[in-house]
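**Q** next one to model:
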Amino acid sequence: MKKIFLAVTFTLLAAIVFGQSNVGTKPTIQLVRNATLLIEYGGQRILVDPMLSPKGAIDSWAGIQRNPTIELKMPVEKIVKDVNLVLVSHSHEDHFDKVASKTLNKSIELMIQPADKDFFEKEGFSNATVLNDTKLWNGINIHRLEGQHGSGEVLKMMGKTSGFILEAKNQPTVYIVGDAIWTDDIKQNIKKYKPDYIVVNSGGALIKGFENVPIIMNEEQTMALIRESGHAKVIAVHMDALDHCRTTRSSLIQKASELKIGKDKLIVPQDTEVITLSL
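**A** Here you go, the predicted structure:
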């Protein structure tokens, strides 16, 4: 009886210690590849925009080479392990691909934009929440914000896209901009939510036939965002992985250097790099 009591006591103590250590864990953002992120936030593990295909599995979008142009540096099984929630900004294949659809459990919780409701129903996901504006999920306020995926005729072709704000007690506020060009709406979102971190898709992507119309931010637009970013640190992703993205890590860092913008303001992570967030 004494042994059983001691065993139960030890188990309870271990659970308490584990829970306390979990609460104290600092939030992180890990760049997987392109715009795919793993976010540890408020005790939850969130996967953003999973493109999990091997190199060359998807058609070219610029007539240069097949996509993705580089391999994943993490096993797919490790990427999806213990994920509590999947956030999908939109259903373009570089943000939610066939491998993601096949790999993820069909009952996993997703949050999606209204425009993608039919897509995820057809893919067989039974727990996809259409996020119209804001939802409180496991202590995290998740806001969905509209993005502008190009301009003019290109915008009509590209369709709807979204960004997300993550807010929670004792956690830094994170703004995931998604596939969007720089607009006054994004400027106003920054003023309203006052994020501590802004994740921006800075690849300067173009589509064939409209080479002068970016569909996500390029070097100049990213610098414009930085100028209006307040106290936030800016994390630039969506580069060096797709053939239609013309902005590279090197060109973005060069432009920042010309404008005397340092690493304390602009973070340009490599694939699998983990960024620890702070208030």
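
**Q** ok but residue 115 is inside a helix, no?
**A** Yes: counting by DSSP: H, G, I helix; E, B strand; the rest coil, residue 115 falls inside a helix.

**Q** residues near it, how many?
**A** Applying other Cβ atoms under 10 Å, we find 14 other residues in the vicinity of residue 115. Using the backbone N, CA and C atoms, a C-beta is placed for each residue, glycine as well.

**Q** buried residues, the helix or strand hosting residue 251. List them.
**A** Under the criterion DSSP states H and E, the helix or strand holding residue 251 is helix 249-258. By neighbour count on 16 or more other Cβ atoms under 10 Å, the buried set for helix 249-258 is 249, 252, 253, 255, 256.

**Q** repeat that for stretch 198-212.
**A** Neighbour-count burial for stretch 198-212, counted by 16+ other Cβ under 10 Å, picks out 198, 199, 200, 201, 202, 203, 204, 205, 206, 207.

**Q** from those, which land in strands?
**A** In this view, the buried residues of stretch 198-212 that belong to strands under DSSP state E are 198, 199, 200, 201.

**Q** just give the closest residue to the third one, not the sequence neighbours.
**A** Spatial nearest neighbour of residue 200, chain neighbours left out: residue 177 (4.9 Å); criterion: Cβ to Cβ, 6 or more residues apart in numbering.

**Q** so who does that neighbour touch?
**A** With contacts defined as Cβ atoms under 8 Å, 6 or more residues apart in numbering, the neighbours of residue 177 are 147, 163, 186, 198, 199, 200, 201, 217, 225.

**Q** residue 267 contacts residue 226, correct?
**A** No: proximity of residue 267 to residue 226 does not meet the contact threshold set by Cβ atoms under 8 Å, at 11.2 Å.

**Q** re earlier: could you single out the nearest of the buried residues of helix 249-258 to residue 31?
**A** Minimum separation from residue 31 among the buried residues of helix 249-258 (Cβ to Cβ) is found for residue 249, which lies at 10.8 Å.

**Q** and the helix or strand hosting residue 40 with strand 197-201, angle?
**A** With elements taken from DSSP H and E, the one containing residue 40 is strand 36-41. Going by axes from the mean of the first three to the mean of the last three Cα atoms, to 10 degrees, strand 36-41 is angled at 170 degrees with respect to strand 197-201.

**Q** re the thing from before, flag the least confident of the buried residues of stretch 198-212.
**A** Note: of the buried residues of stretch 198-212, the lowest pLDDT belongs to residue 207, at 91.

**Q** just checking, that one touches residue 215?
**A** Yes: counting by Cβ under 8 Å, residue 215 is a contact partner of residue 207 at 6.4 Å.

**Q** common neighbours of those two, please.
**A** Common neighbours of residue 207 and residue 215 (criterion: Cβ under 8 Å, 6+ apart): 154, 158.

**Q** what does whichever strand or helix holds residue 186 contact?
**A** Mapping residue 186 onto the secondary structure by DSSP H and E places it in helix 184-193. The contact list for helix 184-193, computed with Cβ under 8 Å, 6+ apart, reads 143, 145-148, 163, 165, 167, 173, 175, 177, 180, 198, 225, 228-230, 232.

**Q** for the closest residue to residue 202 other than its chain neighbours, list each beta-bridge partner.
**A** Taking Cβ to Cβ, 6+ apart as the measure, residue 202 lies nearest to residue 236, with 4.1 Å between them; neighbours along the chain are not counted. Following DSSP bridges, residue 236 is listed with bridge partners residue 200.

**Q** where does pLDDT dip in the stretch 101-250 of the chain?
**A** Applying pLDDT under 70 to the stretch 101-250 of the chain flags no residue at all.

**Q** ends of stretch 214-232, how far apart?
**A** One end of stretch 214-232 to the other measures 24 Å (Cα to Cα, to the nearest Å).
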